[in-house]
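> For reference, the sequence and a predicted model appear below.
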Amino acid sequence: MTTNERRTTKAVIPAAGMGTRFLPATKATPKEMLPVVDRPAIQYVVEEAVQAGLDDVLMITGRSKRALEDHFDRNAELEASLQAQGKDELLRQVQASNDLGTIHYVRQGDPRGLGHAVLCAAEHVGDNPFAVLLGDDLIDPRDPVLPRMLDVQARHGGSVVLLLEVPADQVHLYGCAAVEPTDEEDVVRVTGLVEKPAVDEAPSNLALIGRYALDPAVFEVLRHTPLGRGNEIQLTDALQTLATTDGEGHGVRGVVFRGRRYDTGDRLDYLKTIVKLASERGDLGPDFRAWLREYVAGDDDRSS
Ligand code: G1P
């Protein structure tokens, strides 16, 4: 592994999923556009990338391309109308969503898994390290971790994954890592990875959550990665190859995350995310919390 002196400037965001868990809401709307309080989920992810200095964002889209493009583009008519009505704060919010770096789009066509989605970024990314951010994992903006991952990658080279300790009975929902400690408390060396293992086959309870700082060597590996779990090309399988074989740009480290992360890909967790984030907001929080307290206090009456 050589120290990586190339600066990471590009972020890749796969956004071609079918959103089946949210049907029928996602029949005509991409799941990435579902609101988390008052911003679509995808906007949090783009903001996270931009705040980490990655202002060249490539979205891997499917049939849902149009709504995503429109969201991050200017809406001159809407802006003029808000301005005419003196709604300055709303105008500022609307403009903020189209002032987020440069966003490019490439279509995945026939979606064949996360590994395949990442491979669709090969031409745009070229021979540079890059980040991948998955829209279903929302990292609390107050606990930014991408800069730490990019820092570890810049110092050690290779690829860096983000790991979260999860209860053993949840490991089967994630990619799972076998690790060894390093002399940095929050950094581990990844010695193996397995996608969604059964609980008794999991090498640890450290789950991959959707942030990756990848070496471009991953593309060549992905081209030769056979179909894996779910008959899809798995990014986890390509990382397993990078972790366990020698070669330029190979080697995988993990940053262990201890901050707040929300899952917006699951209906129940999505609802919890909205309640948490709304409760903590300066504007909505006080009224919402007061209402919520009353609502929960009346819970017994409602269920009887
Ligand atoms: C994907 C990855 C998995 C990872 C997860 C994080 O799975 O394949 O390794 O743990 O994202 O959210 P998905 O949830 O898309 O099935």
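Received the coordinates, thanks. Residues are numbered from 1 along each chain as shown.
> Up against the ligand, what does the stretch 51-200 of the chain have?
Counting by CB under 6 Å from any ligand atom, the residues of the stretch 51-200 of the chain close to the ligand are Leu114, Leu134, Asp136, Asp137, Tyr174, Gly175, Glu195. In this view, the C-beta of every residue, glycine as well, is placed from N, C-alpha and C.
> min pLDDT across these, which one?
In terms of pLDDT, Asp136 ranks lowest among those, with 88.
> quick one: buried residues of the helix or strand containing Arg293?
Of the helices and strands defined by DSSP states H and E, Arg293 is found in helix 285-297. Across helix 285-297, burial judged by 16 or more other CB atoms under 10 Å covers Phe288.
> Contacts made by that helix with the rest, please.
Under the criterion CB atoms under 8 Å, 6 or more residues apart in numbering, residues Val275, Ala278, Ser279, Arg281 lie in contact with helix 285-297.
> mind listing the helices for the stretch 201-304 of the chain?
Assigned by DSSP state H, counting those that start in this stretch, the stretch 201-304 of the chain shows helices spanning 217-223, 235-244, 267-279, 285-297, 299-303.
> For the closest residue to the ligand within the stretch 151-300 of the chain, give me its contacts.
Residue of the stretch 151-300 of the chain nearest the ligand, by CB to the nearest ligand atom: Gly175 (2.6 Å). Contacts for Gly175 (CB under 8 Å, 6+ apart) come out as Leu193, Val194, Glu195, Lys196, Ala207, Leu208, Gln234, Leu235, Thr236, Leu239.
> okay, the helix or strand the second one falls within in CSV with CA atoms only?
Assigned by DSSP H and E, Val194 belongs to strand 187-195. Listed in CSV are the C-alpha atoms of strand 187-195, where the atom choice follows Å, rounded to 0.1, in the frame of the first residue of the first chain:
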residue,chain,number,x,y,z
VAL,A,187,-9.2,2.8,13.0
VAL,A,188,-9.0,-0.9,12.2
ARG,A,189,-7.4,-3.0,9.6
VAL,A,190,-10.0,-5.0,7.6
THR,A,191,-8.9,-8.6,7.1
GLY,A,192,-12.1,-9.9,5.5
LEU,A,193,-15.7,-8.9,4.5
VAL,A,194,-18.8,-10.8,4.0
GLU,A,195,-22.1,-9.5,2.7
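> Excluding chain neighbours, give the residue nearest to the spatially most central residue of the chain in space.
In the chain, the centroid-proximal residue (CA atoms, centre = their mean) is Leu134; its distance is 2.4 Å. Closest residue to Leu134 apart from its sequence neighbours, by CB to CB, 6 or more residues apart in numbering: Gly210 at 2.7 Å.
> now Val12
Using CB to CB, 6+ apart, the closest residue to Val12 is Ala121 (4.4 Å).
> Ramachandran angles for the one you found?
phi -90, psi 0 (degrees, to the nearest 10).
> go on, Pro129?
Dihedral angles (degrees, to the nearest 10) for Pro129: phi -60, psi 150.
> Just name the most buried of the helices of the stretch 201-304 of the chain.
With neighbours defined as mean count of other CB atoms under 10 Å, these peak in mean count at helix 235-244, which reaches a mean of 23.
> what's the residue nearest to the centre of the chain in contact with, if anything?
Ile13, Pro14, Val45, Leu114, Ile209, Gly210, Arg211.
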